[in-house]
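> need a 3D model of the sequence below.
(2 chains)
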Amino acid sequence: MKTASGQSILKLERVSKGFGATDARREVLHDVDLAVTEGELVAIVGFSGSGKSTLVNLLAGLEMPDRGSVTFHGKRVRGPGPERAVVFQTYALLPWLTVRGNVALAVRATASGRSAAERDAAVERCIALVGLTAAADRRPRELSGGMRQRVALARALAMNPRVLLMDEPLGALDALTRAKLQDEIVEIWQREKQTIVMVTNDVDEAILLADRIIPLNPGPRATLGPAFTVSLERPRDRTALNHDPAFRSIRNAVTEYLLDVGRASVPRCEQEEAFDPLPDLEPLPVGGAA
Amino acid sequence: MKSGAMRLLDTAGMPAMAFAIFLGAWSLVASSIETSIGRLPGPTAVAQEARNLLGAHTEERRKAAEYAQRMKVQAAEAKTAGKPFVVRKYSGPPTYLDQIATSLKTVFAGFVIASLIAVPLGVLCGMSPRAYAALNPLIQLFKPVSPLAWLPIVMILVSALYNSPDSMFEKSFVSSAITVALCSLWPTLVNTALGVSSIDRDYLNVARVLRLGWWDRIFRIVLPASLPLVFTGLRLSLGVGWMVLIAAEMLAQNPGLGKFVWDMFQNGSSQTLAQILVAVFTIGTIGFALDRVMLAFQRAVSFDA
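Model prediction:
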């Protein structure tokens, strides 16, 4: 098992974040505290719509907190950067670029000091890391969901990040592909000595992958619950785990916790969902296009 | 699943049949309409006129070649005699094919001008809602203006501002091209703005995480992502430009298809109607071809097919 250096590199302190104009304001996260230790794999588990994506966006610096602070290596986060790479929920692969092109864009943007040959090698290394060498010249629309997810992972790794932020990375995949990619993420995490913060709605997945599981209480005004440390031996075998009493006890603890906080906030949750405001998008009129 | 024969009937048979019916109806109607300059020509008369125009073109080219040969001989004679000799250019009238070439050059020039203005402005409008709010009234105001209203202004301005004696282009050419540009830049502008403003937010977030600079963000993310709609706009623009061009050439006397139609109309000969109808079919065919070319481009750049 990997030993964490014990130093927290990414920190949220009393962070609150809301959306909407002042009168129709909806606080998504409220007083969230989180400290991610170098080298660990943290899983944040929560119901859909509980503010998980907002949490990832705050950690990435794609969104700024209304109150509280986000710090990375002790310095306040003022915007996104490649040292905190994001694997987006939608993958966000650029459809006009090939697999290689998508990865190369990340390498080019983050490795300005290196020679062209070194950068090419870095691109190929990242593609090989996720096992896509054979598909390197294909475009995202020609790939399966699992392959797209791999490209997204390769692109994030190509940024040479200090922390890898994953927003429900496997949510859209079928069970078999999901299991395979779970194993690969752990493998890459161990080999590359990454720090990973992963958001998921799957408790089993969290236990299988993470060192620490932190439940996100359902929003609005979501907060993080108490952390559950997963001290199961690695490598963790999916089938053997099912009979492991330690696995079952942590599974029960996390599930029960989530169900309890979920039950407590169900009425509020439903009420909010009904008034879920759309993001501020104003489509341009297409008038005169014809 | 349709059989091959049925599919052939749908894709080729039906259009061919419709065209045949059109030709039949046309010749039927034509034979019964009498105008001040003769009977309305039917399909055969128009086809004959098209052949005449092509014949006139080859004839004119032959004369030009002969003239060039004569000039060469005269120049050689003058040289041996030690006399000065000035080579004069052949000054025959432009043929129908020359006029088509002129029209294509003009519409292309106007289209390039329009694109160079509309794409950057469209990107600006798409990226900044404030810029869009500022420009939107102007766009709405000038978009519906007819080329016939622009042209006199453009002609006067071109005469005032573009009058060096050794200018590269004819004034009529410049006026027509600018008028085409003024009328055809709107679809590109509006579609580019729409394309840029509707880019998937995650693509822009990728650019932010990668800390791409302004230049890379525009050329590696924004433009490629909005290219399908930009090309939709360009295709519409070229269509509008080609339509506008004929009117512009008529008024500006740019020696293209528009001027041809106008000259034939002024001519009032017994061939006039047939000649204009040849022009009508030419304009239609070229417009169709231009649209197909742009459609091919549009397909080539669209990634969500």
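> count of residues packed around residue A:109?
If you count neighbours by other Cβ atoms under 10 Å in any protein chain shown, residue A:109 ends up with 20. Heads up, the C-betas are built off the backbone N, CA and C, glycines and all.
> and the nearest residue to it once chain neighbours are set aside, how many neighbours?
Using Cβ to Cβ, 6 or more residues apart in numbering or on different chains and skipping residues adjacent in sequence, the residue nearest residue A:109 is residue B:210, 3.9 Å away. Neighbourhood size, residue B:210 [other Cβ under 10 Å]: 25.
> verify the stated contact: residue B:210 with residue A:110.
Yes - using Cβ atoms under 8 Å, residue B:210 is in contact with residue A:110, at 6.9 Å.
> between those two, which contacts overlap?
Shared contacts of residue B:210 and residue A:110, defined by Cβ atoms under 8 Å, 6 or more residues apart in numbering or on different chains, comprise A:82, A:159.
> now do the same contact list for the residue nearest to residue A:109.
The contact partners of residue B:210, taken as Cβ under 8 Å, 6+ apart, are A:82, A:105-106, A:109-110, A:159.
> over to it: give its phi and psi.
Main-chain torsions, residue B:210, degrees, to the nearest 10: phi -80, psi 0.
> so what pLDDT did it get?
If you check residue B:210, the pLDDT there is 94.
> and what of residue A:193?
For residue A:193, the predicted pLDDT is 87.
> cool, residue A:272 as well?
At residue A:272, pLDDT is 47.
> please apply the same query to the one 3 residues further on.
If you check residue A:275, the pLDDT there is 50.
> low-confidence ranges, the stretch 1-150 of chain B, go.
Scanning the stretch 1-150 of chain B for pLDDT under 70 picks out the ranges B:1-2.
> and the residue lying closest to residue A:91 once chain neighbours are set aside, how many residues sit next to it?
Computed as Cβ to Cβ, 6+ apart, the closest residue to residue A:91 that is not its neighbour in sequence is residue A:152, at 4.2 Å. Residue A:152 has 26 neighbours, counted by other Cβ under 10 Å.
> whichever strand or helix holds residue A:152 - contacts with which helices or strands?
Using DSSP states H and E, residue A:152 maps to helix A:145-158. Helix A:145-158 makes packing contacts with strand A:84-87, helix A:99-110, helix A:116-129, strand A:163-167, helix A:175-192 when contacts are defined by 3 or more Cβ pairs under 8 Å, 6 or more residues apart in numbering or on different chains; DSSP states H and E.
> contacts for the last one?
Right, the one you point to is helix A:175-192. A:2, A:41, A:129-131, A:144-146, A:149-150, A:153, A:157, A:164, A:166, A:169-170, A:173, A:194, A:196, A:198, A:205, A:208-209, A:234-236, A:238.
> of those residues, grab the buried ones for ChimeraX.
In ChimeraX, this line selects whichever of the contacts of helix A:175-192 come out buried by 16 or more other Cβ atoms under 10 Å in any protein chain shown:
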select /A:41,129,130,146,149,150,153,157,164,166,169,170,173,194,196,198,205,208,209,236
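> residues near the residue of the stretch 1-150 of chain B found nearest chain A, how many?
Nearest to chain A in the stretch 1-150 of chain B, going by Cβ to the nearest Cβ, is residue B:143, at a distance of 5.1 Å. Counted by other Cβ under 10 Å, the residues lying close to residue B:143 total 15.
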